[in-house]
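Participant: Need coordinates for the following:
(one chain, ligands or ions: 1)
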Amino acid sequence: MKVIGHLINGALTHNDDSGAGFRLQDVTNPSTNEVLGKVSLASKATVEEAIAAAETAYPAWRNTPTAKRVRIMYRLRDLLEQNADKICELITLEHGKVLNDAMGELQRGIENIEYVCSAPEMLKGEHSKNVGPAIDSWSEFQPLGVCAGITPFNFPAMVPLWMWPMAIACGNTFILKPSERTPSSALFIAELGIEAGIPAGVLNVVNGDKEAVDTILTDKRIQAVSFVGSTPIAEYVYTTGTAHGKRVQAFGGAKNHAIVMPDADLDNAVAALMGAAYGSCGERCMAISVAVAVGNDTADTLVEKLKEQIATLKVGDGMDNQNDMGPLVTSAHLEKVQGLIATGVEEGAKLVIDGRNLRTPGLEQGNYLGACLFDHVKPEMIIHSSEIFGPVLCIMRVETMQEAMDIIDRHEYGNGTCLFTRDGEAARYFSDNIKVGMVGINVPLPVPVAHHSFGGWKRSLFGDLHAYGPDSVRFYTKRKTITQRWPASGVREGAQFSFPSNG
Ligand code: NAD
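Facilitator: Residues are numbered from 1 along each chain as shown. Next comes the predicted model:
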């Protein structure tokens, strides 16, 4: 049986020197629930070994010219393109998303690396001549040391690529802890990083669970932690990491609403909603899970058109690109989503389409659930307050755009949102005032491109700086400002007791 281990100090290892023997966990194919292999869950000692390797590698890496660090990123980009099919297969086998969708995720990851290639430009700092008499001053961005990233199951290739390429391009060394449910693609990409020339110890991968995470959060040698996952764990990571003196950014869950205005092009809005709600089986932190229709006529038309489209949706094995949607990640997650659908019915929402009736001949053991559509969902319902993370779209009905915006603003999460309209004034008011971090106007998944940064508001992000883009340079560096003067030799100067200024 395949064992998915760790990458420590430039070498793959399955060993766990905890003395307590291996802890292994099944990795399953969501389409069949067949066991693909076992992931090794790192002990504290194994994580400490990785931290020690990263600490040892740090001084030489910090002093490696940025241009040389970045040259490795150019090579990695090429290797990712050459190995794209294999990476996407690994993603689909463990996650279940359709191959084309996996390719989209990988492409976004590659775009992050392309942005990272401009690190020399971003790290060049700021310089001022003659800030005082013959005094020059400059600010530079220095690396932090050993950094770590903890990532979720749903973007197993892309989210790690938000983190470690920029961290190491800035001169840090790194420990990545991928999701134990989808570990293979992140590990393989890290191996490609080594092939591209990343020196031993600069990038390490430890697979594992809470034990590995807690070791990362409490070890004094780790300076900064980036986390992406569910809100309860994000909050835990933020409070524990910061209590241990670390810089932490922790991205959490979401409930993303789209407002559909009466003037919207409803056919296009429906097409956009189909992809944003049901793509990747709804397992995206930017998935649209609520459509708030302004006016009953809008809602009625929306529901009718969605019903027609859902009837044409192809659900099946993600390895077949003819399918629109694959299975959910695990049987436990399927059960959780089915439970929430039952809750919605009990709460009195109208289940217009019940995906629990889906039949997938030959794949009966898989974690399949068809698209579900709820109408007449109310703000206080559990299916509205909680993140379902499945193929479930809720329709809410309101009379005005302001009412829809109030529902969004009151929600615990503030990751993404979208407005469908042809009214520029409404669009401008919405984007200016809505309390959400990423806003789309007729764009259902407004995931920022690599040269902008990604981040939600409210309980979708704990910390200040967003992921990738310009914020990531700030997150993975600390500013130092140097003020310098070389007095002419032989000139004697008296002590000055007033505060130095140009006054
Ligand atoms: P998760 O919180 O279960 O796991 C994320 C990471 O935390 C994994 O590496 C996991 O091993 C670790 N972890 C899990 N339980 C832990 C515990 N008790 N103590 C310490 N570490 C623990 O999340 P998931 O199910 O893998 O991913 C889905 C969630 O991630 C959704 O809520 C989704 O919205 C969110 N997400 C957010 C973003 C974003 O950018 N805001 C992006 C992708 C996913």
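Participant: Residue 56 belongs to a helix?
Facilitator: Yes: assessed with DSSP: H, G, I helix; E, B strand; the rest coil, residue 56 lies in a helix.
Participant: which bits of the stretch 351-500 of the chain sit near the ligand?
Facilitator: 387, 389, 415, 456, 460 (Cβ under 6 Å from any ligand atom). Every C-beta, even on glycine, is put in place using the N, C-alpha and C of the backbone.
Participant: Enumerate the residues of this structure near the ligand.
Facilitator: Near the ligand, when you scan the chain using Cβ under 6 Å from any ligand atom, you find 150-155, 177, 179-180, 209-210, 213, 228-230, 233, 251-254, 285, 387, 389, 415, 456, 460.
Participant: where in this structure is pLDDT low?
Facilitator: 15-21 (pLDDT under 70).
Participant: how does it look with 50?
Facilitator: 17-18 (pLDDT under 50).
Participant: Can you tell me which residue is spatially central in it?
Facilitator: Centroid-nearest residue in the chain, with Cα atoms, centre = their mean: residue 159, separated by 4.5 Å.
Participant: Check which helix or strand that one maps to.
Facilitator: Using DSSP states H and E, residue 159 sits within helix 158-169.
Participant: Just the buried positions in that helix, please.
Facilitator: 158, 159, 160, 161, 162, 163, 164, 165, 166, 167, 168, 169 (16 or more other Cβ atoms under 10 Å).
Participant: okay, that helix in PDB with CA atoms only?
Facilitator: Taking Å, rounded to 0.1, in the frame of the first residue of the first chain, the C-alpha atoms of helix 158-169 are listed here in PDB:
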ATOM      1  CA  MET A 158      -3.400  26.100  -5.200                       C
ATOM      2  CA  VAL A 159      -3.500  27.100  -1.600                       C
ATOM      3  CA  PRO A 160       0.000  25.800  -0.700                       C
ATOM      4  CA  LEU A 161       1.200  27.800  -3.800                       C
ATOM      5  CA  TRP A 162      -0.300  31.000  -2.300                       C
ATOM      6  CA  MET A 163       2.100  30.500   0.600                       C
ATOM      7  CA  TRP A 164       5.500  28.900   0.200                       C
ATOM      8  CA  PRO A 165       6.700  30.300  -3.100                       C
ATOM      9  CA  MET A 166       6.500  33.900  -1.900                       C
ATOM     10  CA  ALA A 167       7.700  33.000   1.600                       C
ATOM     11  CA  ILE A 168      10.900  31.400   0.200                       C
ATOM     12  CA  ALA A 169      11.400  34.000  -2.600                       C
END
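Participant: Following it in sequence, what is the next regular element?
Facilitator: Toward the C-terminus from helix 158-169 - assigned by DSSP H and E - lies strand 173-177.
Participant: List the contacts of residue 6.
Facilitator: Going by Cβ atoms under 8 Å, 6 or more residues apart in numbering, residue 6 touches 12, 13, 14, 40, 42, 46, 50, 204, 205, 206, 207.
Participant: Mind doing that once more with 10 Å?
Facilitator: 12-16, 39-40, 42, 46-47, 49-50, 175-177, 183, 187, 190, 204-208, 212 (Cβ atoms under 10 Å, 6 or more residues apart in numbering).
Participant: Mind checking which of these are buried?
Facilitator: Looks like the contacts of residue 6 have 13, 16, 39-40, 42, 46-47, 49-50, 175-177, 183, 187, 190, 204-208, 212 buried, using 16+ other Cβ under 10 Å.
Participant: For the stretch 1-150 of the chain, which segments count as strands?
Facilitator: Along the stretch 1-150 of the chain, counting by DSSP state E, counting those that start in this stretch, strands occupy 3-4, 6-8, 11-13, 24-28, 35-40, 126-132, 135-143, 146-150.
Participant: Out of those, which one sits most buried?
Facilitator: strand 146-150 (a mean of 28; mean count of other Cβ atoms under 10 Å).
Participant: Now do it and helix 158-169, the angle between them.
Facilitator: Going by axes from the mean of the first three to the mean of the last three Cα atoms, to 10 degrees, strand 146-150 is angled at 170 degrees with respect to helix 158-169.
Participant: what's strand 146-150 packed up against?
Facilitator: When contacts are defined as 3 or more Cβ pairs under 10 Å, 6 or more residues apart in numbering; DSSP states H and E, strand 146-150 sits against helix 44-62, helix 158-169, strand 173-177, strand 203-205, helix 210-218, strand 222-228, helix 231-243, strand 247-251.
Participant: so can I have JSON lines of those showing distance to residue 98?
Facilitator: Formatted as JSON lines, the helices and strands packed on strand 146-150 follow (distance: least, Cβ to Cβ, whole Å):
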{"stretch": "helix 44-62", "distance to residue 98": "33"}
{"stretch": "helix 158-169", "distance to residue 98": "15"}
{"stretch": "strand 173-177", "distance to residue 98": "25"}
{"stretch": "strand 203-205", "distance to residue 98": "26"}
{"stretch": "helix 210-218", "distance to residue 98": "30"}
{"stretch": "strand 222-228", "distance to residue 98": "22"}
{"stretch": "helix 231-243", "distance to residue 98": "27"}
{"stretch": "strand 247-251", "distance to residue 98": "24"}
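Participant: To residue 353, which of these lies closest?
Facilitator: Proximity to residue 353, assessed across these by Cβ to Cβ, is greatest for helix 231-243 (27.9 Å).
Participant: Pull the residues that contact the closest one.
Facilitator: So helix 231-243 is contacted by 148, 150, 152, 210, 213-214, 216-218, 222, 224-230, 246-254, 387, 412-413, 458-463 (Cβ under 10 Å, 6+ apart).
Participant: now with 8 Å?
Facilitator: 150, 213-214, 217-218, 225, 227-229, 248, 250-253, 387, 412-413, 459-463.
Participant: Look up the closest residue to residue 317, ignoring the ones flanking it.
Facilitator: Among residues not flanking residue 317 along the chain, residue 31 sits closest, at 4.7 Å (Cβ to Cβ, 6 or more residues apart in numbering).
Participant: Please look at that neighbour and residue 319 and confirm they touch.
Facilitator: Yes: counting by Cβ atoms under 8 Å, residue 31 touches residue 319, with 7.4 Å between them.
Participant: Comparing the two, which residue is more hemmed in?
Facilitator: The neighbour count for residue 31 versus residue 319, taken as other Cβ atoms under 10 Å, is higher for residue 31 (22 against 16).
Participant: send the alpha carbons of stretch 287-306 over as PDB?
Facilitator: Extracted C-alpha coordinates of stretch 287-306, given in PDB (Å, rounded to 0.1, in the frame of the first residue of the first chain):
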ATOM      1  CA  ALA A 287     -18.800  29.300  -3.800                       C
ATOM      2  CA  ILE A 288     -22.100  31.200  -4.000                       C
ATOM      3  CA  SER A 289     -24.400  29.400  -1.600                       C
ATOM      4  CA  VAL A 290     -27.100  32.000  -1.300                       C
ATOM      5  CA  ALA A 291     -28.900  33.900  -4.100                       C
ATOM      6  CA  VAL A 292     -30.900  36.800  -2.800                       C
ATOM      7  CA  ALA A 293     -33.500  37.700  -5.300                       C
ATOM      8  CA  VAL A 294     -34.900  41.300  -5.200                       C
ATOM      9  CA  GLY A 295     -38.600  41.000  -5.900                       C
ATOM     10  CA  ASN A 296     -40.800  38.000  -6.100                       C
ATOM     11  CA  ASP A 297     -40.900  38.000  -9.900                       C
ATOM     12  CA  THR A 298     -37.100  37.900 -10.000                       C
ATOM     13  CA  ALA A 299     -37.200  35.000  -7.500                       C
ATOM     14  CA  ASP A 300     -39.800  33.000  -9.400                       C
ATOM     15  CA  THR A 301     -38.000  33.300 -12.800                       C
ATOM     16  CA  LEU A 302     -34.700  32.500 -11.100                       C
ATOM     17  CA  VAL A 303     -36.000  29.300  -9.500                       C
ATOM     18  CA  GLU A 304     -37.700  28.200 -12.800                       C
ATOM     19  CA  LYS A 305     -34.500  28.800 -14.800                       C
ATOM     20  CA  LEU A 306     -32.300  27.100 -12.200                       C
END
